[in-house]
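> output the structure for:
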Amino acid sequence: MVQGADSVSAAIEGELRLLDPAVRSSRAEVARLLDPEFTEVGASGRRYTYEEMLTELHEHPGGSAGGPVYEPSEITGVLLAPGVVHLTYETRFDGRRARRSSLWRRRDGESGWRLYHHQGTPVPPDTP
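The predicted model follows:
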């Protein structure tokens, strides 16, 4: 089970890096962490591709130094299969909450763990 724990830890580390404004503003770092087949359904409902995210992430909320940052909590993960980890967590950002789900995959030893799919769902203000 150590392999599963190591895989989950690596995915969590990558997820936290993608929330860091310094990483979000670096196209090279984002390219290293996103799978070439990456897709996202954002909390806004918009669908993003790998190329769109590489081009736009630095402009998204949480991408500027000194501005508001994402505050993640309750991050949990499970190894679904060799090379596939599912993470769930909640974020607070500028007074808003979202529940998030990410699939990370590792296709080879050279590229490491990369974010394959992400979805954010807004949490209404009156929801516990």
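> what about the longest helix anywhere in the chain, distance to the chain center?
Taking DSSP state H as the criterion, the chain has its longest helix at helix 2-18. How far helix 2-18 lies from its chain's middle: 11 Å, per Cα atoms, centre = their mean, to the nearest Å.
> I'd like the mean pLDDT over the helix or strand following that helix, please.
Where DSSP states H and E defines the elements, the next helix or strand beyond helix 2-18 is helix 21-24. For helix 21-24, the mean per-residue pLDDT is 93.
> next: stretch 69-85.
95.
> tell me which residues in it are buried?
69, 70, 72, 75, 77, 79, 84, 85 (16 or more other Cβ atoms under 10 Å). Heads up, the C-betas are built off the backbone N, CA and C, glycines and all.
> buried set for the worst-scoring helix or strand of the chain on mean pLDDT?
Across the helices and strands of the chain, mean pLDDT, DSSP states H and E gives its lowest value to helix 2-18, namely a mean of 90. Neighbour-count burial for helix 2-18 flags 7, 8, 10, 11, 12, 14, 15, 17, 18 (criterion: 16+ other Cβ under 10 Å).
> tell me what that helix is packed against?
helix 27-33, strand 71-81, strand 84-93, strand 96-105, strand 114-123 (3 or more Cβ pairs under 8 Å, 6 or more residues apart in numbering; DSSP states H and E).
> what about 6 Å?
Secondary-structure packing of helix 2-18 (3 or more Cβ pairs under 6 Å, 6 or more residues apart in numbering; DSSP states H and E): strand 71-81, strand 84-93.
> ok and that helix relative to strand 84-93, angle-wise?
Counting by axes from the mean of the first three to the mean of the last three Cα atoms, to 10 degrees, helix 2-18 points 30 degrees away from the direction of strand 84-93.
> thinking again about what came up before, to residue 64, which of the helices and strands packed on helix 2-18 lies closest?
strand 84-93 (12.7 Å; Cβ to Cβ).
> what angle do the closest one and strand 71-81 make?
Strand 84-93 and strand 71-81 meet at an angle of 170 degrees, taking the same axes, to 10 degrees as the criterion.
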